[in-house]
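Undergrad: output the structure for:
(one chain, ligands or ions: 1)
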Amino acid sequence: MATLFTPLKLRGTEFKNRIFVSPMCQYSSRDGLPTEWHLVHLGSRAVGGAALVMAEATAVSPEGRISPRDSGLWSDAHAEAFAPITRFVKEQGSIPGIQLAHAGRKASTPPPWEKASGRFVRPEDGGWTPLAPSSIPFDAGYPDPREMTSRDIRLVAQQFSEAAARALNAGFEVIELHFAHGYLVHEFLSPLSNRREDAYGGSFENRARLSIEIVRAVRKTWPERLPLFVRLSATDWVGGGWDLDESVVLALSLKTLGADLIDCSSGALVPHAKIPAGPGYQVPFAEAIRERAGIPTAAVGFITDPVQAETILATGQADAVFLAREMLRNPYWPLEAAKTLGVDVPWPRQYERAKL
Ligand SMILES: Cc1cc2nc3c(=O)[nH]c(=O)nc-3n(C[C@H](O)[C@H](O)[C@H](O)COP(=O)(O)O)c2cc1C
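TA: Numbering: from 1, shown residues only. Below you'll find the predicted structure:
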């Protein structure tokens, strides 16, 4: 049996295979509420046979959105709007997950297809002033973010915890905390974006403090029986930035606090990093964190081929794979991968006459 189709158990949850749909912003929400687009987008990938369908970076507060069109989970109405989506995903035998996020200094930007209008949505156009550990903009054309007070920081940890409670009410069974890609928590982790001189800046322990507080706060509202994932950028790909060694130490702490899997991505903290992107280029991070921190990991990035995915898992480099763009090209990738690897998996009844 191919490892890719061997079930994975984390806490009380069994994933029917190790193919996970990576979180992908759709910029199709209204006031943070998911729309029919999300039902079809996430639902199609559940029909396609992925074990876990992870909803996009979903903001824990309105100002934590990357764009005004992002999803949010800052009120009960948001949880209600997600409920039909999680119900549908579960009916297909997939596990619905959601990535909880705060965009930090990269907030209030337009959806990619509106980037011609500039890199920042101004308050007069429905945007807002972003928050960050220090008042350092991401890049030219981005605003100076407002440096967060200690009260702001405490509030963010609480917002993550409340959003986790709403995710449960919405029917999600996995939460992934977005601590990667240059968004708020990553900005605290990296010395390149965090120049604070209080308890949240300077030493590794201080830079990691917010991430630890969030995991603690989320574990208070997220049930013991359900898995908690954390997405890290394992390196900034820049000298003097956050790196793999720090990621390993952080992963060790997060594990003791109740994180169950580290989703190993990289980069996006600063615009000028030179990233050797290519097939499987982030897999070594998943392998190193898995081995050195002793926690399950997922690999992500340019994973497109069933044999490639199988090799990553069979050689013990990761416990699962997240696919993003390949899943946009082909939502039925898992069903086709099973055929390629010689595994017989059930197809949706409605599609059986097309089974390969
Ligand atoms: C349309 C799109 C939206 C994305 N949105 C998110 C997101 O919400 N959260 C996140 O952590 N990564 C996001 N990503 C990154 C993907 O999850 C993934 O890490 C990245 O695309 C590399 O995987 P791939 O080579 O399989 O596409 C996004 C990627 C794409 C293509």
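Undergrad: just how off-centre is stretch 135-153 within its chain?
TA: Relative to its chain's centre, stretch 135-153 lies at 22 Å (CA atoms, centre = their mean, to the nearest Å).
Undergrad: that stretch - what's its average pLDDT?
TA: On average, the pLDDT along stretch 135-153 is 95.
Undergrad: also stretch 296-315?
TA: In this model, stretch 296-315 has an average pLDDT of 98.
Undergrad: distance between the ends of it?
TA: 14 Å (CA to CA, to the nearest Å).
Undergrad: again, but for stretch 164-183
TA: This stretch, stretch 164-183, spans 18 Å end to end (CA to CA).
Undergrad: residue boundaries of the helices in the chain?
TA: 36-47, 76-91, 150-170, 184-189, 204-221, 244-257, 283-293, 306-314, 325-329, 333-340 (DSSP state H).
Undergrad: so which of those helices comes closest to the ligand?
TA: helix 325-329 (3.4 Å; CB to the nearest ligand atom). C-beta here means a position set from N, CA and C on the backbone, and glycine is covered the same way.
Undergrad: hmm, that closest one touching the ligand?
TA: Yes. Under the criterion of CB under 6 Å from any ligand atom, the ligand is reached by helix 325-329 at 325-326.
Undergrad: who's in contact with that helix?
TA: 21-22, 24, 45, 48, 50, 303-304, 333 (CB atoms under 8 Å, 6 or more residues apart in numbering).
Undergrad: rerun at 10 Å
TA: Helix 325-329 is contacted from outside by 19-22, 24, 41, 44-45, 48, 50, 53, 301-305, 309, 323, 333-334, 337, using CB atoms under 10 Å, 6 or more residues apart in numbering.
Undergrad: any idea which of the helices of the chain is most buried?
TA: helix 184-189 (a mean of 28; mean count of other CB atoms under 10 Å).
Undergrad: tally of neighbours for residue 113?
TA: Counted by other CB atoms under 10 Å, the residues lying close to residue 113 total 7.
Undergrad: I meant to write residue 10 there.
TA: If we define neighbours as other CB under 10 Å, then residue 10 has 18 of them.
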